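Asker: build me a model from this:
(chains A and B)
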Amino acid sequence: MADGYIEWARQATDPREARRKPEALDDLVVLDVSYRHIGGLVCSSMLSEFGAEVIRIEPPGGDPARNFSPYGIKHKDTGLGYLVEARNKLHITLNLHVTEGREIFKQLARKADVVIETFPAGVMDQWGIGYRQLSRENPGLIYCAIYTYGQFGPKAACGKPDYDVVNQAISGIAWSTGEMVEDENNPQPWEVPTKIGSWFGWYVGGLWGAFGILTALRYRGQTGRGQLVDVSGAEGIMRFMDCYLTFYNMTGIDKERIGNLDANINPYTIVPVKDGYAMIAGFTDANFYALTECLQRQEWRNDPRFDAAIKRAKLASSKALKPLLEEETKKYTADELLEILLDYVRNKRGPGTPVTAKVATPAEVLQQENWWLRGVLEEVEDLNYGRLTLQAPVWKMTETPGRIKWVCRSVGQDNEYVYRKYLGYGPRKVRELKEKGVI
Amino acid sequence: MSDYFRWTAETFAMDKVFEKPEALKGIRILDMTNVILGPVVGDYLGEYGAEVFRVELPGRGDPTMRVVTPFGIFWKNACPGFFPQNRNKYFITIDVRKPEGVDLFKQLARRCDVVVENFVGGTMDEWGIGYRQLREVKPDIIMLSLNGFGQWGPFSIGRPSWDLAAQAASGNAAITGFPGRPPGKAGLYLGDYTGGLFGAIAVLAALHYRERTGKGQYIDYAQAEGLIRTMDWTWVYQALTGKERERAGNRDLSFCPSDIFRCKDGFVAIAAADDEEFRGLCLAMGRPDLIEDERFKTAEARLKEDHARELLQIIRDWAATRTREEIDALGELYRFASAPVMSFKDQNYDPHLRARGMVWEIDDPVYGRVVEVGPVVKMSETPGRLRWSAKPVGFDNEYVFIKMLGLRPSELKELEQKGVIGKWAPLLGSMPPDDWRGEGVIF
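Answerer: Just a heads-up that it's a prediction; the model follows:
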């Protein structure tokens, strides 16, 4: 390793210095009118972490997403799912069900660079505040609509709500994940297509939304023209599904769920260890050699099922190797296993680099110093919500790192400021609108 | 409202895509990557017009993804697993472990806007083409490094990583799967594709900043950290309550119902969190009595553990008597969320996904008909597009080195003799199809 590289990298991207650096997107005004949807919030979080002024527009009673929380737990007025993705955003209320509310929204959109919404396709248009109407007065507007079925196509007008689990179902991720049925005559309740535990079907839609907005931003920078950006969380994950659609067309094989085995490589799986579970990998020939050395199972290398990477990748070989592997890994704790493999790699005891990692529980993740040093997890101090542990922006950047400035605001907390700043409304006007139920 | 869908159908018509401009036209990406996490960044950006130069070693090329394919099956001498990260790219080779290779790489970097790499931390620097060296030849360069655990920090030092290590270390595997069963490995390279997207977002933000200030920058992204970011309420919940987030199968612990159910001919997802949607679901099930049932009357009541279990059982029993199609249609009629658990074959024949270009057929000069997953983000003015598929090793060497760097054919030959550049070796995954007769070569 070249001298001082690691130290240079640490200093140049130190997350503790992030707040002292400039912000990449602090020239943008974003209206996030997403409703009952974590993906819209994730989308605007990406922009707010980079400094955009994000104005969350909730209905006067608050966004129902504020209620999305495990076991219904609330912290102050807000559920935990929302608390994670309210970062750096101003919060105002506006009733889009009344004409006056829609008029006010139009005026705000005239001042905005970006609008994010998550209603079923066509709802905003029907209200007279969709892309077609808003872009007439603000041709540079970038309007991002996130919806399972998108804005066009045979199912776009179906009107169904957008949910995480539905996005995961359509995407192929549920089909491809989960345990195989051991006994066809007696399938177990867990031997079913399985979703990723988190709201992955919402998060990925939000990430693609941010990607689309920033791509559109470059075009606007060159031409002054905005556009409609149409994103589906289901399609967002569909893009992640390795080569399986392509592979189906090449071979006629519709890849199915195969539990903790891997369709492409072997071994590359999760195995039991003395103190829980660990992932273990050694699938190239060199790495398989290394793994068999580490586990003292040199004879596997000569087994005709396992003696070449391509042979090992056959499903039957994966199934055959798994119990043999488990028998060995159960002899060690996750740390012991890691120590054996690292000793092999660091002391160059032979070719190849086998890999293992403990399947960490969330509690273990929270205890590991690495993530705190790297600024991945952060205890954020907030004027209203106190100290909360949140996942921080994911990138270390030398010039414009993301950051969390505050956690959340209560419903309508920034009404006075935002309506004064953008539309010149004084306290009297705000009170009047409040009495009329508009904000 | 129907007018809206007529308008969107015209605006987003797939047959007009190539008539429209591209948002990232003029952006050049030097793609010094391997496997998936790195390569997919250039693919995502290339779909929207960036010009991407994928650098491999002469001969084998990408040592992993030109070999890694489902069940070890190759197709037309190519590795199917290599395709989804490598569309629209120019394929060149440079051995940067040789001084001439470093020089060649730097010449290209000078002509590019973004460098993407995913080697073990410090490798590029060691080769003399790290950020510190490249900014000397291109001061406003944007460089993105992606790997398992980042460029610095206790977990990053000398530790190789794969996607599954990130799934394990992040806690993602621990919260995926069923209670009482082992943690769940995702049925895809989850951290790779997600990580590439995080990386692409950072590159786009950095490009905007460069547009405003003229400054480039360096970006460090770690795969496990990206997955930690996507794990919603896990961290705040743990820290506030001191309780462990357990695996919950397909159930959502934040609202009910939301689950996957077995039906007559497969599986369906159903969700109905708010009262209006729940009402629709009850009517669809022919169970109006449940609407006023005290156990299920409010979202809060439905979330109580006993009630949730009872409700999910009622839906489970009902779904078992219906088909995927019936439940899909009932969701539309009664306005609750429902969709079949789709396989890749299902997706392939789905008229909606086809109309949206998610199932995209390329007529490729080297491979013929290739069906790929299309660009995710649909853009009214600057839609994404797929031009060509992945290519054999070193396929575009002549075109790129002559057009971009003005090299003479004799210089190319010399570099080839020294092993600095070169074409494919006769290996599965690296070489063209047997019946290939030079189609698709630019120069």
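
Asker: quick one: buried residues of the helix or strand where B:Y237 lies?
Answerer: For B:Y237, the enclosing helix or strand under DSSP states H and E is helix B:234-241. For helix B:234-241, a neighbour-count test (16 or more other Cβ atoms under 10 Å in any protein chain shown) marks B:234-240 as buried. No exception for glycine: its C-beta is placed from N, CA and C like everyone else's.

Asker: filter these down to the ones close to chain A.
Answerer: Filtering those for proximity to chain A by Cβ under 8 Å from any Cβ of the partner chain leaves B:234-240.

Asker: which among those residues gets closest to chain A?
Answerer: Among those, B:A239 lies closest to chain A (Cβ to the nearest Cβ), at 3.5 Å.

Asker: can you lay out the ones next to chain A among the buried residues of helix B:234-241 as CSV showing pLDDT?
Answerer: Output for those, formatted as CSV (pLDDT from 0 to 100):
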residue, pLDDT
B:T234, 98
B:W235, 98
B:V236, 98
B:Y237, 98
B:Q238, 97
B:A239, 96
B:L240, 96
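
Asker: what's around B:D31, how many residues?
Answerer: B:D31: 30 surrounding residues under other Cβ atoms under 10 Å in any protein chain shown.

Asker: check it and give its pLDDT.
Answerer: Confidence at B:D31, expressed as pLDDT, is 98.

Asker: quick one: contacts for the residue most central in space within chain B?
Answerer: When Cα atoms, centre = their mean is applied to chain B, the residue found nearest the centroid is B:Y193 (3.4 Å). Under the criterion of Cβ atoms under 8 Å, 6 or more residues apart in numbering or on different chains, the neighbours of B:Y193 are A:239-240, B:36, B:40.

Asker: where does the chain dip in pLDDT?
Answerer: Picking chain A for this. By pLDDT under 70, the weakly predicted segments of chain A are A:1-3.

Asker: wrong chain, I was asking about chain B
Answerer: Applying pLDDT under 70 to chain B flags the ranges B:1-2, B:158.

Asker: how does it divide into domains?
Answerer: B:3-230+B:358-417, B:258-342 (automatic domain parsing).

Asker: hey, which of the ones you listed is tucked in deepest?
Answerer: Across these, averaging neighbours per residue (mean count of other Cβ atoms under 10 Å in any protein chain shown) puts domain B:3-230+B:358-417 on top, at a mean of 22.

Asker: where along the stretch 151-300 of chain B do the helices fall?
Answerer: B:163-170, B:190-213, B:223-229, B:234-241, B:275-284, B:289-292, B:299-303 (DSSP state H, counting those that start in this stretch).

Asker: next one: the stretch 1-150 of chain B
Answerer: Using DSSP H, counting those that start in this stretch, helices in the stretch 1-150 of chain B cover B:2-11, B:39-46, B:99-110, B:123-126, B:131-137.

Asker: returning to that earlier point: mind checking which of the helices of the stretch 151-300 of chain B is nearest B:A23?
Answerer: helix B:190-213 (9.7 Å; Cβ to Cβ).
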